[in-house]
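Chemist: coordinates for the following, if possible.
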Amino acid sequence: MDMTHGVTAAVSSLKPEKNDANIGKVLLDLGKLTPDEAERVLRLQKQENIRFGEAALRLGFINESDIRQALSVQFEYPYLQPNEGGFSPDLVAAYQPFSKQVEALRALRTQLILRWFSEGNKALAVVAAKSGDGCSYIAANLAIVFSQLGEKTLLIDGNLRDPVQHRNFNLSEQRGLSDILIGRSDLEVITHLGAFENLSVLGAGTIPPNPQELLARPAFTDLMNKVMGDYDVIIVDTSSTEHSSDAQSVASRCRGTLAISRVNETRMHELTSLKEHLSGVGVRIVGAVANQF
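Modeler: So this is what the prediction gives:
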């Protein structure tokens with residue numbers, strides 16, 4: 001940008017460490033600093049022999065949140081600022097990447113890579129015994145943390161009864177999975193989200209009167225085979241097993257599941273029933289999450 005040429009020259013003449021120069025440019029590009037403020041930061045940096053970010057903080061031009069955002073850009077780990085993008089605040093992996101719940105999600109991601117995806121598998125169904133356990137919350141945020149790792153990730157809303165991912169991700173495309181399964185749409189209804197590099201979402205689409213029959217069609221198998229060739233990781237949200245067998249159909253196509261329960265709410269007999277539902281269709285339970293968020 002023309003307005004930063006003077007600043008760039010000053011940075012070069014002072015010869016700060018590469019990371020400092022990058023931080024300064026990123027802060028300028030993000031609009032966190034004006035060129036005049038950057039000049040003052042550079043003067044203080046030279047006088048005190050400190051890092052660019054520290055100098056900017058000392059002058060009060062930026063805060064710690066601005067530094068974290070700049071570092072996320074520098075290290076190609078993007079996340080969103082509060083209210084940016086119009087997405088649901090439930091997408092904590094996008095809005096609160098340094099929170100305890102996202103640290104737990106990253107730890108879960110590591111376990112899933114070691115236990116499932118490193119074996120050549122690409123799809124994973126997220127299943128809960130009952131509504132309210134946090135199945136959609138875990139599925140959405142798990143998809144985000146995989147995309148942040150650089151994996152080309154697809155989130156499919158396979159809950160054709162009470163879907164939420166179209167609201168979570170503010171999808172303008174109303175067509176989705178159900179429309180593909182009846183042959184009225186194709187893969188063009190998958191939405192690639194510019195705010196999330198490497199992440200695409202396929203919403204549930206039109207709510208059908210016969211979700212269980214739709215998900216049992218060969219068209220769903222065909223769809224999964226297609227997207228497995230296009231994506232590294234596919235996370236499929238499902239409806240709970242308490243009222244239908246929809247999740248069984250989804251899980252059988254993915255071959256692996258992540259079982260979700262809620263701390264102090266999900267009962268042991270409900271988990272036992274969930275396990276029996278999944279085992280009955282030969283699905284491997286890769287892991288279990290006791291959700292407390």
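
Chemist: okay, CA-based contacts and neighbour counts for the rest of this
Modeler: Fine.

Chemist: residues of stretch 183-193 that come out buried?
Modeler: 189-192 (16 or more other CA atoms under 10 Å).

Chemist: what of stretch 213-231?
Modeler: Quick answer for stretch 213-231 (16+ other CA under 10 Å): 214-216, 220-221, 223-224, 227-228, 231.

Chemist: repeat that for stretch 58-66.
Modeler: 61-62, 66.

Chemist: can you pull out the helices in the protein?
Modeler: 5-14, 18-29, 35-48, 52-58, 64-74, 92-95, 100-115, 135-148, 165-168, 177-181, 211-215, 218-228, 246-254, 268-279 (DSSP state H).

Chemist: which one of those helices has the poorest average confidence?
Modeler: Across the helices of the chain, helix 5-14 has the smallest mean pLDDT, namely a mean of 31.

Chemist: domain map for the chain?
Modeler: 2-74, 88-291 (automatic domain parsing).

Chemist: please work out which of these is packed deepest.
Modeler: With neighbours taken as mean count of other CA atoms under 10 Å, the domains of the chain reach their highest mean count in domain 88-291, at a mean of 19.

Chemist: what's the span of it, first residue to last?
Modeler: End-to-end distance for domain 88-291, by CA to CA, to the nearest Å: 19 Å.

Chemist: so how far is that domain off the chain centroid?
Modeler: 11 Å (CA atoms, centre = their mean, to the nearest Å).

Chemist: may I see the buried residues of stretch 58-66 organised as a markdown table, with distance to Gly256 added?
Modeler: What follows is those, written out as a markdown table (distance: CA to CA, whole Å):
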| residue | distance to Gly256 |
| --- | --- |
| Phe61 | 49 |
| Ile62 | 45 |
| Asp66 | 40 |
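
Chemist: if we can go back for a sec, tell me which of the helices of the chain lies nearest to Asn291.
Modeler: Ranking the helices of the chain by proximity to Asn291 (CA to CA) places helix 135-148 first, at 8.3 Å.

Chemist: put the alpha carbons of the closest one into PDB.
Modeler: Coordinates of each C-alpha in helix 135-148 appear next as PDB, following Å, rounded to 0.1, in the frame of the first residue of the first chain:
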ATOM      1  CA  CYS A 135     -23.900 -32.400  19.400                       C
ATOM      2  CA  SER A 136     -24.200 -29.500  16.900                       C
ATOM      3  CA  TYR A 137     -22.000 -27.300  19.100                       C
ATOM      4  CA  ILE A 138     -19.200 -29.900  19.100                       C
ATOM      5  CA  ALA A 139     -19.600 -30.700  15.400                       C
ATOM      6  CA  ALA A 140     -19.400 -27.000  14.300                       C
ATOM      7  CA  ASN A 141     -16.400 -26.100  16.500                       C
ATOM      8  CA  LEU A 142     -14.600 -29.300  15.700                       C
ATOM      9  CA  ALA A 143     -14.900 -28.500  12.000                       C
ATOM     10  CA  ILE A 144     -13.400 -25.100  12.600                       C
ATOM     11  CA  VAL A 145     -10.400 -26.300  14.600                       C
ATOM     12  CA  PHE A 146      -9.600 -28.900  11.900                       C
ATOM     13  CA  SER A 147      -9.800 -26.100   9.200                       C
ATOM     14  CA  GLN A 148      -7.500 -24.000  11.400                       C
END
